[in-house]
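Peer 1: give me a 3D structure for the following:
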Amino acid sequence: MLDIPKAANRLRQMAKDGMHGGQWSRRNAAAGENAAEQMAERNEPVHVPDPTIVRLPEGQPGGRPIPHPGSRPPPAERRGRGGAAFLRQAGVPKLSTGGIIRLTFLAFVVLPTIVTGLYYAFFAADQYSVEAQFAVRSKENTGASLDGLTILSGITGSTPNASDSYVVTNFVGSRDLVGKIDKDLDLRKLYSRPEADFFSTVDPDAPVEDLVEYWNGMVTTEYDKYSGIVTLRVKAFRAKDAVTVAQKVIGYSEALVNDLSRRARDDAVSESESEVARAENRLRLARRAVARFRGSERRLNPMATAESREKIIGELEGQKSKLETELSAVKEVSPNSPRLTSLNSQLSAIVKQIDSVRLQTNENESGDEGTLNQQLSQYEELQTEREFAEKAYVSSLASLEKARLEASTQTRYLSVFVEPRLPDIALYPEGLRSTFIVFIGAFLIWGIAGLVIAGVRDHVA
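Peer 2: Prediction:
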């Protein structure tokens, strides 16, 4: 407790000092003097703290006025007292720019790298890798030679089978193959062995879609388009499991190639077989038409009949010419020879026989069947159709045989020249490589983020 006169004098002194230092405004100084006088008149006890007055250097203009005791700071000043003021009050030192960089580098680069290295060093499960190499071959390309060095040299022309090789590589990662091998080996159980760690194992109750995705991470294929070689890599937590899976993959891939070969062979031969069937049916119809014609006309071969009649007429014409020549000679030598009568009788008989044969050739056998010439024309048409059908049938048979030979020479098959072998050591996971990749990735992300934040600050400033 202070005396009233002393308190009033102190308030007056504070007001004067504030006016001199430029820290208070004139209004605040006047208010201080008035308050001191009123307190002295009322004779009230007042507790006045010791003033702390900060004087500015000589010649420097005054800054912001010192706020009045009990008054609230302006809004801008209130906003400035946020997390930084709280941290200072809590005793946390203010970090410089270099300190922030070091702290973020440790948090976002060093710490993830250390965690990754510890995981691969102490927790990651060993994974055994098995490798096998094979190629899709055909007799047309390889001939009698089929050794590994020939395949590796790439001189056997694997390009025609490139599409089949791509089919095999896609089949290895397909749901169809996963379903078949899962039925044989129970892949969920095989890849959830006790040796597996939490991050590399598969859920025993995982749906087939997740199982296929996990399978594509453990079983991979690589195709070399220059040599035609397909490289298969299988990883598992046990060496024997890796070999078993690789053998199953090769077995089902070989079955796929054989099925593709069989389908191609069947497609090539089936078209020729269909052509043979059509030609055979045409020949059968042509032969039936000829047989029906022979039965209806009661002649085995109307053409042969016509030819025989023509032959008879020709022979008779020859005899007629011979008799006429002999008759002329006898008339010149002996016009009254009794032999003339015999020759004339023979000549008349031959002429009648010729006319009779010619008449039989052109006359109608019945009112509905037509002449022999018409029958002969129909028979020639039927015979021509039969001959064409026979030639087409023979040609289709030759085409079928050729297609079968080509299909046999183009047979595809899977040639395995690097068999899967039981590994001695686990090659995966590659801890150092993965840790280095994490470090590089985290460092790049940290650096890019820092540059972006610095650019934003510069833009705002």
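Peer 1: any weak-confidence spans in the stretch 251-400 of the chain?
Peer 2: Filtered on pLDDT under 70, the stretch 251-400 of the chain yields the residue ranges 297-307, 360-373.
Peer 1: what about the strands in it?
Peer 2: Secondary structure of the stretch 251-400 of the chain (DSSP state E, counting those that start in this stretch): no strands present.
Peer 1: quick one: the helices in it?
Peer 2: Assigned by DSSP state H, counting those that start in this stretch, the stretch 251-400 of the chain shows helices spanning 302-333, 339-362, 372-409.
Peer 1: and of those, who's closest to Pro207?
Peer 2: The minimum distance between Pro207 and those falls on helix 372-409, with 42.0 Å, by C-beta to C-beta. The C-beta positions use only the backbone N, C-alpha and C, and glycine is treated the same way.
Peer 1: tell me which helix or strand comes right after the closest one.
Peer 2: Next in sequence after helix 372-409, counting helices and strands by DSSP states H and E, comes strand 412-418.
Peer 1: quick one: the helices in the stretch 101-250 of the chain?
Peer 2: Secondary structure of the stretch 101-250 of the chain, counting by DSSP H, counting those that start in this stretch: helices at 111-118, 139-142, 148-153, 162-172, 175-185, 187-190, 208-218, 239-297.
Peer 1: mean neighbour count and distance to Glu406 for these - can I get that in a markdown table?
Peer 2: As requested, the helices of the stretch 101-250 of the chain are exported to a markdown table (neighbours: other C-beta atoms under 10 Å; distance: least, C-beta to C-beta, whole Å):
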| stretch | mean neighbour count | distance to Glu406 |
| --- | --- | --- |
| helix 111-118 | 15 | 58 |
| helix 139-142 | 16 | 9 |
| helix 148-153 | 14 | 23 |
| helix 162-172 | 17 | 17 |
| helix 175-185 | 15 | 30 |
| helix 187-190 | 18 | 41 |
| helix 208-218 | 16 | 38 |
| helix 239-297 | 16 | 7 |
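Peer 1: let me know which of the ones you listed is the nearest to Tyr128.
Peer 2: When the helices of the stretch 101-250 of the chain are ranked by distance to Tyr128, counting by C-beta to C-beta, first place goes to helix 239-297 at 4.3 Å.
Peer 1: name the helices or strands packed onto that closest one?
Peer 2: Using 3 or more C-beta pairs under 8 Å, 6 or more residues apart in numbering; DSSP states H and E as the contact test, the elements touching helix 239-297 are strand 128-138, helix 162-172, helix 175-185, strand 229-236, helix 372-409, strand 412-418.
Peer 1: now for the ones you listed, which one comes closest to Asp458?
Peer 2: For Asp458, the closest of the helices and strands packed on helix 239-297 is strand 229-236, at 48.9 Å, according to C-beta to C-beta.
Peer 1: quick one on the thing from earlier: same list (the helices of the stretch 101-250 of the chain) but as JSON lines, adding distance to Val330.
Peer 2: What follows is the helices of the stretch 101-250 of the chain, written out as JSON lines (distance: least, C-beta to C-beta, whole Å):
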{"stretch": "helix 111-118", "distance to Val330": "136"}
{"stretch": "helix 139-142", "distance to Val330": "85"}
{"stretch": "helix 148-153", "distance to Val330": "96"}
{"stretch": "helix 162-172", "distance to Val330": "94"}
{"stretch": "helix 175-185", "distance to Val330": "105"}
{"stretch": "helix 187-190", "distance to Val330": "117"}
{"stretch": "helix 208-218", "distance to Val330": "114"}
{"stretch": "helix 239-297", "distance to Val330": "46"}
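Peer 1: of all these, which one is nearest Leu397?
Peer 2: For those, the distance to Leu397 is smallest for helix 239-297, at 6.0 Å, taking C-beta to C-beta.
Peer 1: how far off helix 372-409 does the closest one point, in degrees?
Peer 2: Orientation of helix 239-297 against helix 372-409 (axes from the mean of the first three to the mean of the last three C-alpha atoms, to 10 degrees) gives an angle of 170 degrees.
Peer 1: could you shift the numbering so residue one becomes 47, and keep it that way?
Peer 2: Taking 47 as the first residue, the last one we looked at is helix 285-343.
Peer 1: just want the angle from helix 285-343 to helix 254-264.
Peer 2: What separates the directions of helix 285-343 and helix 254-264 is an angle of 110 degrees, with the same axes, to 10 degrees.
Peer 1: nearest residue to Ile491 in space, please, no chain neighbours.
Peer 2: Nearest non-adjacent residue to Ile491, counting by C-beta to C-beta, 6 or more residues apart in numbering: Phe154, 7.2 Å away.
Peer 1: ok, the one you found touching Leu490?
Peer 2: No - look at Phe154 against Leu490 with C-beta atoms under 8 Å: they stay out of range, at 10.9 Å.
Peer 1: more neighbours, these two?
Peer 2: Applying other C-beta atoms under 10 Å to Phe154 and Leu490 shows that Phe154 carries more neighbours, namely 15 against 11.
Peer 1: the more buried one and Thr143, how far apart?
Peer 2: With distances taken as C-beta to C-beta, to the nearest Å, Phe154 is found 16 Å from Thr143.
Peer 1: same deal with Leu236?
Peer 2: Between Leu236 and Thr143 the computed distance is 54 Å (C-beta to C-beta).
Peer 1: over to Leu490?
Peer 2: As defined by C-beta to C-beta, Leu490 lies at a distance of 21 Å from Thr143.
Peer 1: again, but for Ala242
Peer 2: Where Thr143 is concerned, Ala242 sits at a distance of 46 Å (C-beta to C-beta).
Peer 1: same deal with Glu370?
Peer 2: Computed with C-beta to C-beta, the distance linking Glu370 and Thr143 is 143 Å.
Peer 1: ok, now Lys271?
Peer 2: Applying C-beta to C-beta to Lys271 and Thr143 gives a distance of 54 Å.
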